[in-house]
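K.L.:
Please find the sequence and the predicted model below.
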Amino acid sequence: MEDKLKWTLLATVAPIVWGLNYLVIKAFLPADLFLWGAALRALPAGIVLLLIARKLPTGDMWWKSLVLGLINMAGFFILIYVSAQLLPSNVAASVMSLTPVAFLFLAWPMSGERPTLYKFSFAVMGIIGALLIIGGAAGVINPWGVASSLFAVCLTAFGSLLNKRWTSGQPLLATTSWQLTWAGLVLSAIAAFFEPFPPLTASTITGYFYTSIIATAIAYVCWFGALAKIPASSVGVIGLLNPVAGVLGGTLIAHESLGFAQIAGIAIVLVSMYFSTRTPAAPALANPSSNG
């Protein structure tokens, strides 16, 4: 029980710093250099963790870590960078509220975790809360920004569950470092052909440090570690802290307005997260292939 509580608390670190990451990207990093933005998020984090882990892949983990790196980091980071530049930070974070649903249903075929009525009800409750947050948000909604966020939702759920399957029994720091390093190398090679290297000023260095070391190296160790220890559906609901952090960060840092609907949404999200991670699950939903 104590171990589950520890990993549940650690899992909250990732969506909180990811929610604030939208603000950091928009405020500190160049808007038009999304390839370098993704590369400089992945590569420094990968190198730091690799130096700590001091272990290289063996056997099929060479190609598996490459595939996972391209899904979980390379593709995902590009999509997040684009959505962060095209959408208000509170909206960009709130679109990610669909992540629990993606986790809930992908965890069934990929990890054998059948969705329960209890888990489903609190996932829906959390999404209602996140929709209240979005409804109270200010700013122009760019459809391309929304599309990139929705694609990111599907990609992170699929990639996280694939990571849980492929890296089981492997050291956490090492597998995370391999994925980030692969992603950083591939993205850097592509970015070098299509974009000029971004200027390194006090502002951009601050932004890259936060997005790479805090929102990537630290966050992904906590996220993947929690996925290995507690059910994916619970981790997915914890991800609802992403829009909460995005909205609160936008209010406190970017001086975006916080209305009653958003306050109510935050409260609903926190309640749904609490009960979905602490209360025993109810009987599973019927198998859709069953004739009843």
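P.N.:
Done, it's in.
K.L.:
On the three-state scheme, residue 92 is what?
P.N.:
Residue 92 falls in the helix class when you classify it by DSSP: H, G, I helix; E, B strand; the rest coil.
K.L.:
where's it relative to residue 83, distance?
P.N.:
Counting by Cβ to Cβ, to the nearest Å, the separation of residue 92 from residue 83 is 5 Å. (Glycine included, C-beta is placed from N, CA and C.)
K.L.:
Which one's more surrounded, the two?
P.N.:
residue 92 (33 against 27; other Cβ atoms under 10 Å).
K.L.:
correct me, but the more buried one touches residue 22?
P.N.:
Yes - here residue 92 reaches residue 22: they are 4.7 Å apart, a contact under Cβ atoms under 8 Å.
K.L.:
thinking again about what came up before, can you list residues touching both of residue 92 and residue 83?
P.N.:
Counting by Cβ atoms under 8 Å, 6 or more residues apart in numbering, the contacts common to residue 92 and residue 83 are 22, 145, 149.
K.L.:
between those, which is nearest residue 223?
P.N.:
Nearest to residue 223 among those, counting by Cβ to Cβ, is residue 22 at 16.8 Å.
K.L.:
what about the closest one, distance to residue 131?
P.N.:
Taking Cβ to Cβ as the criterion, residue 22 is separated from residue 131 by 18 Å.
K.L.:
out of those two, which sits in the busier spot?
P.N.:
The residue with more neighbours, out of residue 22 and residue 131 and counting by other Cβ under 10 Å, is residue 22; that gives 31 against 17.
K.L.:
quick one: low-confidence parts of the stretch 151-292 of the chain?
P.N.:
Counting by pLDDT under 70, the stretch 151-292 of the chain has low-confidence residues at 232-237, 239-240, 242-243, 246-247, 249-258, 273-292.
K.L.:
what about the helices in it?
P.N.:
Counting by DSSP state H, counting those that start in this stretch, residue ranges of the helices within the stretch 151-292 of the chain are 172-194, 202-209, 219-229, 232-238, 241-252, 260-278.
K.L.:
helices or strands up against the first one?
P.N.:
It stands for helix 172-194. Under the contact criterion of 3 or more Cβ pairs under 8 Å, 6 or more residues apart in numbering; DSSP states H and E, the helices and strands touching helix 172-194 comprise helix 34-53, helix 61-69, helix 76-86, helix 219-229.
K.L.:
if we go to 7 Å?
P.N.:
With contacts defined as 3 or more Cβ pairs under 7 Å, 6 or more residues apart in numbering; DSSP states H and E, the packing partners of helix 172-194 are helix 34-53, helix 61-69, helix 219-229.
K.L.:
Can I get that helix in PDB, CA atoms only?
P.N.:
Once side chains and other backbone atoms are set aside, the C-alpha atoms of helix 172-194 remain, and they are given as PDB (Å, rounded to 0.1, in the frame of the first residue of the first chain):
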ATOM      1  CA  LEU A 172      13.900   2.500 -15.400                       C
ATOM      2  CA  LEU A 173      16.600   5.200 -15.700                       C
ATOM      3  CA  ALA A 174      18.400   3.300 -18.500                       C
ATOM      4  CA  THR A 175      15.300   2.600 -20.600                       C
ATOM      5  CA  THR A 176      14.200   6.300 -20.300                       C
ATOM      6  CA  SER A 177      17.600   7.500 -21.200                       C
ATOM      7  CA  TRP A 178      17.800   5.300 -24.300                       C
ATOM      8  CA  GLN A 179      14.500   6.600 -25.600                       C
ATOM      9  CA  LEU A 180      15.400  10.200 -25.000                       C
ATOM     10  CA  THR A 181      18.800   9.900 -26.600                       C
ATOM     11  CA  TRP A 182      17.500   8.200 -29.700                       C
ATOM     12  CA  ALA A 183      14.800  10.800 -30.100                       C
ATOM     13  CA  GLY A 184      17.300  13.600 -29.600                       C
ATOM     14  CA  LEU A 185      19.700  12.300 -32.100                       C
ATOM     15  CA  VAL A 186      17.100  11.700 -34.800                       C
ATOM     16  CA  LEU A 187      15.400  15.100 -34.200                       C
ATOM     17  CA  SER A 188      18.700  16.900 -34.200                       C
ATOM     18  CA  ALA A 189      19.700  15.300 -37.600                       C
ATOM     19  CA  ILE A 190      16.300  16.300 -39.100                       C
ATOM     20  CA  ALA A 191      16.400  19.800 -37.600                       C
ATOM     21  CA  ALA A 192      19.900  20.500 -38.900                       C
ATOM     22  CA  PHE A 193      18.500  20.200 -42.500                       C
ATOM     23  CA  PHE A 194      15.300  22.200 -42.100                       C
END
